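Q: the following block contains a protein sequence and its predicted model.
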Amino acid sequence: MMMEYKDTQPYAITVGDLVQKGKDHIPEELLSSKHLIYNSPAALAFNSPGAQGFGVKRAGLSIPGSIMLLIGPGCCGRNTTILGEQGGYQDRFYFYILDETDIVTGRHLQKIPQAVAEIVESRREKPSVVMLCMTCVDALLGTDMERVSRKAASVCGVPVVPCYMYALTREGRKPPMVDVRRALYSLLEKQPRHRRTVNLLGFFSPLQDDCELYPILRQTGIKQIQELARCRNFEEYLAMSQANFNLVLHPESWLAAQDMEKRLGIPSITLTRLYQVSQIHRQYMALSRVLGAPIQDESWLEQARQVVEAVRARYSGTTVAIGGMQNGNAYEMALALTRYGFTIKEIYASLSPDDFVYLRHLAQWSPETKVYSNLSPTMLYYEGASHPVDLTIGKDAAWYHETAAHVNWDDDIQPFGYAGVLSLLRHIGLALDERGKNGR
Amino acid sequence: MKGLWKYLSPFAPDQSGAAAVLYGLGGIVVICDAGGCAGNICGFDEPRWFSGKRSAVFSAGLRDMDAILGRDDLLVRKVCAAAETVNAAFVALVGTPVPAVIGTDFKALCRMISRTLNIPALAVPTTGIGYYDDGMQAAYNALLPVLAQPETVVERGRAGVLGAVPLEMASPDEQQALMEILHGEGWKQVILFDCREAYEQAGRNEKNFVVSPAALEGARYLYERFGTPYEVRYLGRPLPEDIRAAVTGKRVLVVHQQVTANAMAEAVRNAGAALVQTAGWFRTESSCIRPGHVQLKEEDDWCQLADNDDFDVILGDIYFKRALSHFHGLYVDVPHFAVSGRY
């Protein structure tokens, strides 16, 4: 039977009203820690990241040749079935399934080294590293998994690294996706740094091949650009500690960068993924100043401007809904697309005080844009059909507006810089043209 | 090694079974977790979640400080806030490893919620350690006494079916097939216990059919309270003819939940199999267990039983085959959603 509702409206607030309230007064309906979390089919990647995109499990296997032993009650490994089947990880996951006696007595801690040894022995090729994935149970038990890992490594002769799938700490100082990035680089050991080598930190997949960041870095004299996802083997991974500096491309990499600076002496520079062409240019100019080397980005800038103008001429006024489940910051993307002539009707995304830097500008251009939280229980009532849009960006937005043109924009390969803008606008054009052909 | 699984991923846990029984009954279902358990339930173990038929299944969104400080009042406030917008008939709290470890007092939580909202609040204290059938059984045990209304009138031709949740199904249309079978036998109304009214009016059923061992206790409860007779019965699709032909004279192993395994074993025996053995990971009921049934607990148990050529044919979810590199016979896929998460 369908639910009966006391109210028929999902919670939403306009960008104008949000900015008026200010970043210190974000409505509780938009803060997931303040209410029950609705598992909208649109937003499952939030609560079940293992099933979609990169959660701790998949991310933890980013080191070439690594395998993972997940330690927890059976429920914690359940969705790994689909990851194994569809993601090509079938022979890289192992489980130590805790029973009540393990949890009460902690006896599993004695058995993990033996389990790791048995797994390593059962494989034709020795893994490069064994990741031990811990869950909420060991978080609550206060398990010293570093110590268990050291013991396991001494037994099996392979590096063993703990990583933490503690959803309990999602809004804490070191959320799981922040800490797993730190764990991934924790095997790097100090070695002489190469002046013309840089690491790109942030993603578990590489940047798009045509990203201008690669030639731009070469302009500054960089010879070697290293990314975890492009490491073909463990040796290439270990060579990442030779970098002169790290470029942090995703905010969740701050802890990894900090740790690498402390342990390996590698400093970092942060670049933000942006879709506003003018801001991308400014960011490259700022990078040029920091590196003390000239950056010539005019050709890419000009090309991006031309494409933006063409898009503006063709699609101006197109109504758009932007979700949070895509490769970008929904608010920054909304600001960029508004500037390119689109009309952003709705945004469904988590909101943090940091987003107000974009919201303040968006409020000037599009104050009536509505902001929803995918996770609010009131989203049970959301009916996209009653306020249709022409285009959606993000899988969540697509779920709400079935008949719109869709750009999922959630590929593993990461868009960045001018190339990211061009790709996004190309996909938007293709989706809208396809929808036009279908007469909708 | 005990506890170590090298080939198979864990099966649907108890909280998924509980949520499957509670799905769509018009209550607020709160998975008392940090987020991942609810995500797994909705995203993986509940195919109805994507059907467009909405159900108020929420995660409590527990955080480390909730666990450390035991902030039950915050959870109650969150539930009450959600109830302001959802016109719920009841609230159901479903346990996960977090409340199991910190020793959440579900009874107290239910009392606080019920008193504030003036609707029934019930708890299914699952732990994430058990399998889905434990959770299903616990959910039936919690729901029936709360929802079933006193009934004196039995409706002739009204049959109830307990246990027919997607986790137990081999195909998306199995519920429809099951109804067709019972309608074909002359039952005018077939009640699948997938809406609140089915529970409220459970005493009206002339008979209940039990398709999962997880529902047997529920059927017994209804028998004791209303005198409703019940029958444990497989109501799925029959074994295809080509499989019947393939098992003649062969040594056959059937691995599934017990009601299905028994039915398959009987069909295989009737088809002339030389030897029929059943095995299973899930609940066994002594009243309907087959002689020689093997209860599996560890992955090693499965490998020891089947990763060889002791059997010519194995009937079971194809997912189990991943652990059988030394089995060279015929493997017949009998899907079980609770195992592989697919039909």
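A: Now that the structure is in, tell me what you want to look at. Please read all numbers here as calculations on a predicted model, not as lab measurements. Numbers count the residues shown, from 1 in each chain, chains lettered A, B, ... in the order given.
Q: dump the residue contacts of residue B:330.
A: B:246, B:250, B:312, B:313, B:314 (CB atoms under 8 Å, 6 or more residues apart in numbering or on different chains). Placement of C-beta: from N, CA and C, glycine included.
Q: phi first, then psi, for it.
A: Main-chain dihedrals, residue B:330, degrees, to the nearest 10: phi -90, psi 130.
Q: relative to chain A, how far out is it?
A: 22 Å (CB to the nearest CB, to the nearest Å).
Q: is that residue in a bridge, and if so with what?
A: Beta bridges link residue B:330 to residue B:313, judged by DSSP bridges.
Q: likewise for residue B:59?
A: With DSSP bridges as the rule, residue B:59 is bridged to residue A:37, residue B:31.
Q: and the residue in the stretch 201-343 of chain B positioned nearest to chain A, how many neighbours?
A: When scored by CB to the nearest CB, the stretch 201-343 of chain B has residue B:341 as its residue closest to chain A, at 5.3 Å. Residue B:341 has 26 neighbouring residues, counting by other CB atoms under 10 Å in any protein chain shown.
Q: on that earlier part again, what is the nearest of the contacts of residue B:330 to residue B:134?
A: residue B:314 (25.3 Å; CB to CB).
Q: can you pull out the helices in chain B?
A: Applying DSSP state H to chain B gives helices spanning B:14-22, B:36-40, B:64-69, B:72-83, B:97-102, B:106-117, B:132-147, B:174-184, B:196-200, B:216-226, B:241-247, B:258-270, B:299-306, B:337-340.
Q: how about those helices in JSON lines, adding mean pLDDT and mean neighbour count?
A: Formatted as JSON lines, the helices of chain B follow (pLDDT from 0 to 100; neighbours: other CB atoms under 10 Å in any protein chain shown):
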{"stretch": "helix B:14-22", "mean pLDDT": "98", "mean neighbour count": "31"}
{"stretch": "helix B:36-40", "mean pLDDT": "90", "mean neighbour count": "32"}
{"stretch": "helix B:64-69", "mean pLDDT": "88", "mean neighbour count": "16"}
{"stretch": "helix B:72-83", "mean pLDDT": "94", "mean neighbour count": "19"}
{"stretch": "helix B:97-102", "mean pLDDT": "95", "mean neighbour count": "23"}
{"stretch": "helix B:106-117", "mean pLDDT": "96", "mean neighbour count": "17"}
{"stretch": "helix B:132-147", "mean pLDDT": "97", "mean neighbour count": "24"}
{"stretch": "helix B:174-184", "mean pLDDT": "94", "mean neighbour count": "16"}
{"stretch": "helix B:196-200", "mean pLDDT": "96", "mean neighbour count": "18"}
{"stretch": "helix B:216-226", "mean pLDDT": "97", "mean neighbour count": "18"}
{"stretch": "helix B:241-247", "mean pLDDT": "96", "mean neighbour count": "15"}
{"stretch": "helix B:258-270", "mean pLDDT": "97", "mean neighbour count": "22"}
{"stretch": "helix B:299-306", "mean pLDDT": "98", "mean neighbour count": "19"}
{"stretch": "helix B:337-340", "mean pLDDT": "94", "mean neighbour count": "26"}
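Q: out of the contacts of residue B:330, who has the most neighbours?
A: With neighbours taken as other CB under 10 Å, the top of these is residue B:314, carrying 25 neighbours.
Q: could you report the pLDDT at that residue?
A: According to the per-residue confidence, residue B:314 scores 98 in pLDDT.
Q: and the one 4 residues further on, by the same measure?
A: The predicted structure scores residue B:318 at 95 on the pLDDT scale.
Q: now it: closest residue in space that isn't a chain neighbour?
A: What sits nearest to residue B:318 in space, not counting adjacent residues and going by CB to CB, 6 or more residues apart in numbering or on different chains, is residue B:333, at 4.0 Å.
Q: just give me the neighbour total for the one you found.
A: Using other CB under 10 Å, the number of residues around residue B:333 comes to 15.
Q: what's near enough to touch residue 231?
A: Defaulting to chain A. Applying CB under 8 Å, 6+ apart, we find residue A:231 in contact with A:63, A:64, A:237, A:240.
Q: meant chain B, my bad for not saying
A: B:207, B:208, B:209, B:210.
Q: nearest to residue B:284 among the contacts of residue B:330?
A: residue B:314 (19.0 Å).
Q: just the closest residue of the stretch 301-440 of chain A to chain B, please.
A: Relative to chain B, the nearest point of the stretch 301-440 of chain A is residue A:377 (4.5 Å; CB to the nearest CB).
Q: for chain B, what are the nearby residues on the stretch 251-400 of chain A?
A: Selection of the stretch 251-400 of chain A residues close to chain B by CB under 8 Å from any CB of the partner chain yields A:377, A:378, A:380, A:381.
Q: and for the last one, the neighbour number?
A: For residue A:381, the count of nearby residues is 17 (other CB under 10 Å).
Q: next: the third one.
A: The tally of other residues near residue A:380 (other CB under 10 Å) stands at 20.
Q: now the second one
A: Summarising burial for residue A:378: neighbours were counted as other CB under 10 Å, giving 23.
Q: which residue sits closest to residue 27 in space, ignoring its chain neighbours?
A: You didn't say which chain, so I picked chain A. Per CB to CB, 6+ apart, closest to residue A:27 is residue A:13, 6.0 Å.
Q: the intended chain is chain B.
A: Nearest to residue B:27 is residue B:90, by CB to CB, 6+ apart, at 4.1 Å.
Q: give the contact list for that neighbour.
A: B:25, B:26, B:27, B:28, B:119, B:120, B:121, B:122, B:146, B:147.
Q: check whether the fourth one really touches residue B:88, as I assumed.
A: Yes. The pair residue B:28 and residue B:88 qualifies as a contact (CB atoms under 8 Å) at a distance of 4.3 Å.
Q: which of the two has more residues huddled nearby?
A: Counted by other CB under 10 Å, residue B:28 and residue B:88 do not tie: residue B:28 has more neighbours, with 29 against 23.
Q: gap between the residue of the stretch 1-150 of chain B found nearest chain A and residue B:61?
A: Proximity to chain A, evaluated over the stretch 1-150 of chain B using CB to the nearest CB, is greatest for residue B:39 at 2.9 Å. Between residue B:39 and residue B:61 the distance is 11 Å, computed by CB to CB, to the nearest Å.
Q: pLDDT-wise, which helix or strand of chain A ranks last?
A: Using mean pLDDT, DSSP states H and E, helix A:44-47 stands out as the lowest-scoring helix or strand of chain A, at a mean of 60.
Q: do the very next helix or strand once past that helix and chain B meet?
A: With elements assigned by DSSP states H and E, the helix or strand that comes after helix A:44-47 is helix A:56-59. No. Helix A:56-59 lies out of reach of chain B by CB under 8 Å from any CB, never closer than 9.4 Å.
Q: next: stretch A:117-124.
A: Yes. Counting by CB under 8 Å from any CB, contacts between stretch A:117-124 and chain B involve A:118, A:119, A:122.
Q: this completes my enquiry, with thanks.
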